[in-house]
Structures are given as structure tokens and as C-alpha cells.
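1. Fold the following.
(2 chains)
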There are 2 protein chains.
Amino acid sequence: MVHIKLESNILGSNELLARKNRNEFQNQGILVLNMMSSPGAGKTTLLERTIELLNGQLRLGVIEGDLYTDQDAQRIEKKGVQVIQINTEGTCHLDAGMVGKAFKNLPENDNLDIIFIENVGNLVCPAEFDLGEDCKVVVLSTAEGNDKPLKYPLIFHESRAVILNKIDLLPYTDFSLERFHKDLENINPNAKTFLVSGRTSQGIQDWTDWLLEEVHKKKGKI
Amino acid sequence: MVHIKLESNILGSNELLARKNRNEFQNQGILVLNMMSSPGAGKTTLLERTIELLNGQLRLGVIEGDLYTDQDAQRIEKKGVQVIQINTEGTCHLDAGMVGKAFKNLPENDNLDIIFIENVGNLVCPAEFDLGEDCKVVVLSTAEGNDKPLKYPLIFHESRAVILNKIDLLPYTDFSLERFHKDLENINPNAKTFLVSGRTSQGIQDWTDWLLEEVHKKKGKI
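-> Predicted coordinates for the structure are as follows:
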């Protein structure tokens, strides 16, 4: 009994489930992005703009993480892509097990180029859980201020891309682009950065061009 | 041995430590507020403005919670009030034990009217930990959008006061005050609401007037 319990714990650990997800995504040739941010940084609006530009060119799926509601999934569904809602029921992050189950429920999961996983709005806990993704992407809003990369270094360090959103609000805030780039240079000099506005669509195409490139790189690898 | 370990676990539980803090705050007649929000909603700037209006009238202390840095504590110290920094080293919320220790380290903890506890920037986990405070206060920024009260209901339900910050950005966002009030009416109809801007100081006096009232109520009770 002890042995079985131990084995079950080990198999149930996030690392192993993340590895299982990663193998599955790899086998299907799907680029998977784990999108993280504070609440209200604008992940869902950014996804809406991204889908508008990429739908038709790429086959897209979205896994939405939220504590209780399905508001974001409803918004994404209206854009005409496959979406699965995970309700964590109060848990502050997604884990690999939740994502593995959601992936199985995506209706055409063997026929996708990209899956965007929209994590729970939280700059702390989600960074600690590998979901099996190809890369983490952190979204920061200009309205949140310049101190976030230094105050939440793990999430900025772990992310392959850093999206600065709400640049339409730049003139009305004290946010400094110079300091933003300087702090990232210290925390994560290899991060790809994008300055965008989900509200006005400014800069979204640079981001979708990068996604197209990453999808082609991934397909090239298989 | 088992008995001691058990006792130590029970004594170590957050509820008991919160009760201990609450007794101590009550004995000293200090009003203690647990300030919570998303990262970047503007808690520290709000505290700076609050201190500017109340310092001299009331004896103020601040306990700052952050993962690693002491940037916020440095900002508060410049305002001339007592401040203690708690670094949670990656933990996503403050707990009653951390706050109890910080309180002991406040130099004049027997000579204060208000302690503001600035929790880690996170709309999920902090709401679950009683720190022994008199009341929870949640700060929401207009830039975060209208969906936050419904998406993070616990923190909005538990808070005695809800501060809508960055109202100077209202004209540049899609935030609806009508929907904000309507959603709060459903989640927490008794919450006191304040519309403020930490940047322009608009509305701060309504908030500090309420704090003065609450301090007087508390003193009256002793």
C-alpha cells in the first residue's frame, strides 16, 4: 500500500504531468504558450486581437484559466476558435494536470498550430508551475508601473517574451520605457519584448509575426 | 513528543496567531487595515497620499509585504512614518505569524493609532489569510477593467472598503463606474467605496475622513 501510494504521488507530481503534456504537444507539433500576468493586464483582449490577425492563417486553440467564471472563454469563443475553460475553484494558478485534461477536451486537438493557455491573473504562483508549454509569456500593463519586473523577478526571468500592453496609456502614466528596457536587460536579457495596445491594436502585428516564426521553427523541428 | 508537536502545530496555525495579533492590536487601541490589490493597482502611492494627509493628526505605522524588495518600504520611510518590511521570499501572501513578528519590531508599537499592512500584490491568496486586522481593504485600478470583482469575488466580498484608484485614467479606458457599483452591490452591498487617484490626490480626503472616523470609533470602544 505504501508503495502504491508513493508511486501515485510521484506520477501525480506536476513535473511528470508537465513532461507528459510536453510530449503530447510535441507529437502533435503544436506551439503552446503559457500567458501570465497580473489581473487586468489585458491578456484576454490581447488574445482577441491576436486571433483576429492569425485566424485563417493558423489553427488556434485557447485554454482559459479562471477561478470561477467563464467570461473570458465566452469572449474567446465569439472569435471563432476552440476554447476550453478551466475553473480552478479558488486555486491561484493552473497546474499541468488541469491543462492535460483541458487539452483532451479541445475538440480538434490533433489539428492545431498554437494553443494559448491564459493562466489565472497572478504574478506570483503561476510562474512556479510548468504546464508543459513551449514558452512562458508575461504581459505587463503600463498602468501597473515600472517596479513590477524587479518585484516579481521569477515570472519575468522565466518568460521567453515580455509584452508591455496598454501603451496607449503611456502619456497618462509615469511609466518609463527606458527603465522598463533597462530592468529587463538585468533580469532577462534574452527576452523578446513587444510594446502593444490591445485596445488600439498598435504593435500586435509584431507579436503575431513572431508567433508565425515560432510556429514555423517548431514545424521545422518535427 | 507527539503531544508537543501537535500543540506546536495548533499554536502555529494562522487562525490562532491572527487571534493573538487581534488581541494585541485591540489592547493597544490600534486600527489595523489589511490593504490588498493586484500588482500595480497603486497601494503604495495611495499610502503615500494618505500619510501626507493624516501625519500629524494620527500616529501611523506601516507593515510592508513584498516578495523580495524593500522599494515600497523605502518610499514610505521617506514620508516620515514607522515602517517594517516583510520579505516573503517568494510566498504569495502575508500570514499572521509574519505580521505578529513585524508588529513587535515596529519601534513605537505601543504608541500608534493606525497600522496599514500592505499585502503582497495578488488578488487571490491574501484574501484567505486573516492577519488579525480590523478590516480588509481592496484597491482596484480603473486600468484593470470591470471584470475583477466578479472574477475575484472572495477578496471583494471580504473587504470592508473598496477603493477604486486611478480615476484620472477613466477617460482613457473602457471602465464603467455604473457597472462597478452594480457588481459591488451584488457581491458586497455593505462595502464602503472610494473613488480616488493616488496620482492627482483626487478623492483621497474622503478616504482619510473615513479612517479618522474609524479610529475614533475604535478608541470609543476601549
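
2. ok, now how distant is A:Phe156 from B:Glu185?
-> Remark: distance between A:Phe156 and B:Glu185 (C-beta to C-beta, to the nearest Å) = 37 Å. Placement of C-beta: from N, CA and C, glycine included.

3. Compare these two and say which is more crowded by neighbours.
-> A:Phe156 (24 against 10; other C-beta atoms under 10 Å in any protein chain shown).

4. What are the phi and psi values at that one?
-> In terms of degrees, to the nearest 10, the main-chain angles of A:Phe156 are phi -80, psi -30.

5. hang on, it packs against A:Val139?
-> No. A:Phe156 lies out of contact with A:Val139 (C-beta atoms under 8 Å); the separation is 11.1 Å.

6. Just say helix, strand or coil for A:Met98.
-> Of the three states, A:Met98 takes helix under DSSP: H, G, I helix; E, B strand; the rest coil.

7. next one: A:Thr193
-> With three-state DSSP as the basis, A:Thr193 sits in strand.

8. how near is it to A:Arg75?
-> Separation of A:Thr193 from A:Arg75 (C-beta to C-beta): 26 Å.

9. The closest residue to A:Pro107 other than its chain neighbours bridge partners, please.
-> Leaving aside its chain neighbours, A:Pro107 sits nearest to A:Gln82 (5.8 Å; criterion: C-beta to C-beta, 6 or more residues apart in numbering or on different chains). Beta-bridge partners for A:Gln82, by DSSP bridges, are A:Gly61.

10. Report pLDDT for A:Gln82.
-> pLDDT recorded at A:Gln82 is 94.

11. separation between it and chain B?
-> Going from A:Gln82 to chain B by C-beta to the nearest C-beta, to the nearest Å gives 22 Å.

12. and what of A:Arg22?
-> Counting by C-beta to the nearest C-beta, the gap from A:Arg22 to chain B is 24 Å.

13. Can you get me a residue count around that residue?
-> Neighbourhood size, A:Arg22 [other C-beta under 10 Å]: 17.

14. residues contacting it?
-> Applying C-beta atoms under 8 Å, 6 or more residues apart in numbering or on different chains to A:Arg22 gives the contacts A:Gly132, A:Glu133.

15. Please, which helix or strand holds it?
-> For A:Arg22, the host element (DSSP states H and E) is helix A:14-28.

16. With A:Phe180 instead?
-> Going by DSSP H and E, A:Phe180 is in helix A:177-187.

17. Say whether chain B is contacted by stretch A:62-73.
-> Yes. Applying C-beta under 8 Å from any C-beta of the partner chain, one finds stretch A:62-73 in contact with chain B at A:Asp66, A:Leu67, A:Tyr68, A:Thr69, A:Gln71.

18. is it possible to export those residues to TSV including secondary structure and neighbour count?
-> Formatted as TSV, the residues of stretch A:62-73 next to chain B follow (DSSP: H, G, I helix; E, B strand; the rest coil; neighbours: other C-beta atoms under 10 Å in any protein chain shown):
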residue	secondary structure	neighbour count
A:Asp66	strand	23
A:Leu67	coil	20
A:Tyr68	coil	14
A:Thr69	coil	16
A:Gln71	helix	15
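
19. Alright, calling it a day.
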